[in-house]
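K.L.:
Take a look and give me a structure for this.
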Amino acid sequence: MARHEGKLEPAVRDEKKLRRTALILVAFAIFGGVFIFMAYERYASNANKEDRPSYVGELRYNLPVLRQDGVRVGLDELQGKVWVLNSISVTQPESCALAVRVMQDLAKKYESRQDVVFISMVIDPGAPEQAAALLKQEAQRQGAKLPQWWFATTEPAVLHKYLKDKCKLGMLPHQEEGQWKYDTSLVLVDRNLKLRKAVVPQQRGGPPFVTGFDFSQAEGWDSKGIKTGTERSNVAELQHLLESTIEILLNETVNQTNR
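P.N.:
Sure thing, here's the model as predicted:
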């Protein structure tokens, strides 16, 4: 209302200003709706990727290794495949027995897949001139057959550093009082030679749980009576998680894993 000589009078409506204000409000409403929709799409996309295996490194350095067939090959030949690597000691087979058993289970499960490969790296190959024979003998004992399952090695100092620095294992293989100390965890590598860990979304919210594949640790939890919350033991649960993660990687293309 406008005041004129002590009297109140109706204000004059400005139709142009009202139309302009209405158009601005409509524009803001449209923009807000689009922004909310885009935000929801991003959330949905991220939610669908919550279980994507975590990227923890890349095997850029090509390691030439001697295989059980006496052929020397580079690990870069495995690009385009999903592979699992473990470290073993032939002089202390009991130290890696659990990891070997898991590798045997996986090899049987994926025996029909040409794009899944297993690599057992021998940390104690002995004399160079005897390495090929030792690899062949150990591969036969473990039931490892080419081309699916490689038993391989190279000069120990080079191999040990590769396992620690490139494969991100927990320690440099070494001897203490005549006994080998090394990380027997399994290493998972995707089609683009990238190291991956499992990701487990949390049911009650919060950041997802990221884990490697340390079966010795899982076995220790079982011995302490620690429960998983499922019908499976910690070892069985970790193997199930590893297999689930392999399945995710098998469904990815090389371009998709090249992040």
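K.L.:
what bridges to the residue most central in space within the chain?
P.N.:
Geometric centre of the chain, nearest residue: R196, 2.1 Å, by CA atoms, centre = their mean. Counting by DSSP bridges, R196 forms beta bridges with Y55, L188.
K.L.:
measure it to K145 for me?
P.N.:
Here the distance between R196 and K145 works out to 25 Å (CB to CB, to the nearest Å). For glycine as for every other residue, the C-beta is placed from the backbone atoms N, C-alpha and C.
K.L.:
what does R232 give?
P.N.:
Separation of R232 from K145 (CB to CB): 29 Å.
K.L.:
before we move on, what about Q217?
P.N.:
Shown here: Q217 relative to K145, a distance of 29 Å by CB to CB.
K.L.:
between these two, who's got more neighbours?
P.N.:
The residue with the greater number of neighbours, taking Q217 and K145 and applying other CB atoms under 10 Å, is Q217; the counts read 17 against 13.
K.L.:
can I assume that one sits in a helix?
P.N.:
Yes - assigned with DSSP: H, G, I helix; E, B strand; the rest coil, Q217 falls within a helix.
K.L.:
Local confidence estimate at it?
P.N.:
What the model reports as pLDDT for Q217 is 95.
K.L.:
again with V199
P.N.:
87.
K.L.:
Make residue 1 into 30 and carry on from there
P.N.:
Sure, I'll start numbering at 30, so the last one becomes V228.
K.L.:
Give the buried residues for the helix or strand encompassing it.
P.N.:
In the assignment (DSSP states H and E), V228 maps to strand 223-229. Buried residues in strand 223-229, counted by 16 or more other CB atoms under 10 Å: K223, L224, R225, K226, A227, V228.
K.L.:
what would these look like in TSV with distance to P157?
P.N.:
Formatted as TSV, the entries for these read as follows, by distance: CB to CB, whole Å:
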residue	distance to P157
K223	31
L224	29
R225	33
K226	34
A227	37
V228	41
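K.L.:
And the residues you listed, which is closest to G241?
P.N.:
The shortest separation between G241 and any of these is 5.2 Å, and it belongs to K226 (by CB to CB).
K.L.:
quick one: the closest one and S83 touch, right?
P.N.:
Yes - in this structure, K226 is within contact of S83 by CB atoms under 8 Å, at 4.4 Å.
K.L.:
Overlap of the contact sets of these two?
P.N.:
Both K226 and S83 are contacted by V239, under the criterion CB atoms under 8 Å, 6 or more residues apart in numbering.
K.L.:
Pass me the low-pLDDT residue ranges in the stretch 80-229 of the chain, would you?
P.N.:
When the per-residue scores of the stretch 80-229 of the chain are filtered using pLDDT under 70, the ranges that remain are 80.
K.L.:
how about the strands of it, start to end?
P.N.:
Under the criterion DSSP state E, counting those that start in this stretch, the stretch 80-229 of the chain carries strands at the ranges 83-87, 93-96, 101-103, 111-117, 145-151, 178-182, 203-205, 208-210, 216-218, 223-229.
K.L.:
winner for burial among these?
P.N.:
strand 178-182 (a mean of 25; mean count of other CB atoms under 10 Å).
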